[in-house]
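Student: dropping a prediction and its sequence here:
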Amino acid sequence: MRFVIDGMLGKLARWLRLLGYDVDYSNNYSDETLIERACQQRSVLITADESLFKTALSRRIESMLIKEGGQPEKIAQVVERYKLDPKFSPERSRCPKCGSTLRAEAKANLEGRVPSKSYQKYDQFWICSNPGCNKIYWQGSHWDNIQKTLNTVRNLLRN
C-alpha cells in the first residue's frame, strides 16, 4: 500500500513509514502536485484539507480526509480504514526522514558515526539505504515511546 500525504500531516507520514509503508511526502507539494503524484503512483491521498479531499474524490483518486485528533487517533484512522498492521519492526520499517528502506548494519561499521554512548550501549543498528540520507537508527529511548504510541493506537481500535 502506498500513500501520498499532504504537508499538514508530516508526523503521520513518519509514523506510516515506521510501520513499513511507502509514503510520498513533502511539505512543499502544491495541491495539484499531490493529486498528480497520487494518480501517477496509484497511491492513496491522505489529507487534512477538506477542499483537497473533495477535489481528489472528484477526480476519482482514492483519498482519505483525516479528522482532528492527536497522533494516535490519526494513525488509528488510517490503520482502521486500510486494514494496516500497527506493529513496529525495524526489519520492515522505512526511514522516517526520507521513506527509503532500512537495512541492518554491523556495529563495527558505525564506530564514530553514532554518539559514543549509543555505540557503547546498543548492539543493533539500522541504516537508511538512500545514500543521500544515510541516517542511522538504534533502539534508543524513543523505542519505548514508539511502542507506547502504537499501544494507544491498538487500544483505540479495540473500542
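Tutor: Everything's here; your move. Numbering: from 1, shown residues only.
Student: residue 90: what secondary structure?
Tutor: Put simply, residue 90 is coil when judged by DSSP: H, G, I helix; E, B strand; the rest coil.
Student: ok, now which ones touch residue 43?
Tutor: Residues near residue 43 by Cβ atoms under 8 Å, 6 or more residues apart in numbering: 2, 3, 4, 22, 24, 37, 62. Yep, even glycine has a C-beta here, placed from its N, CA and C like the rest.
Student: buried only: go through these for me.
Tutor: Buried members of the contacts of residue 43, counted by 16 or more other Cβ atoms under 10 Å: 3, 4, 22, 24, 37.
Student: re earlier: now, which of the contacts of residue 43 sits nearest residue 78?
Tutor: residue 3 (8.0 Å; Cβ to Cβ).
Student: what's the domain layout of the protein?
Tutor: Following automatic domain parsing, one finds the domains of the chain at 2-82, 102-158.
Student: and the residue nearest to residue 95 when sequence neighbours are not counted, how far from residue 9?
Tutor: Of all residues not flanking residue 95 in the chain, residue 128 sits nearest, at 4.0 Å (Cβ to Cβ, 6 or more residues apart in numbering). Relative to residue 9, residue 128 is positioned 21 Å away (Cβ to Cβ, to the nearest Å).
Student: give me the number of residues near residue 53?
Tutor: Burial of residue 53 is recorded as 19 neighbouring residues (other Cβ atoms under 10 Å).
Student: touching, it and residue 44? I think so.
Tutor: No - the pair residue 53 / residue 44 is not scored as a contact, 11.6 Å apart, by Cβ atoms under 8 Å.
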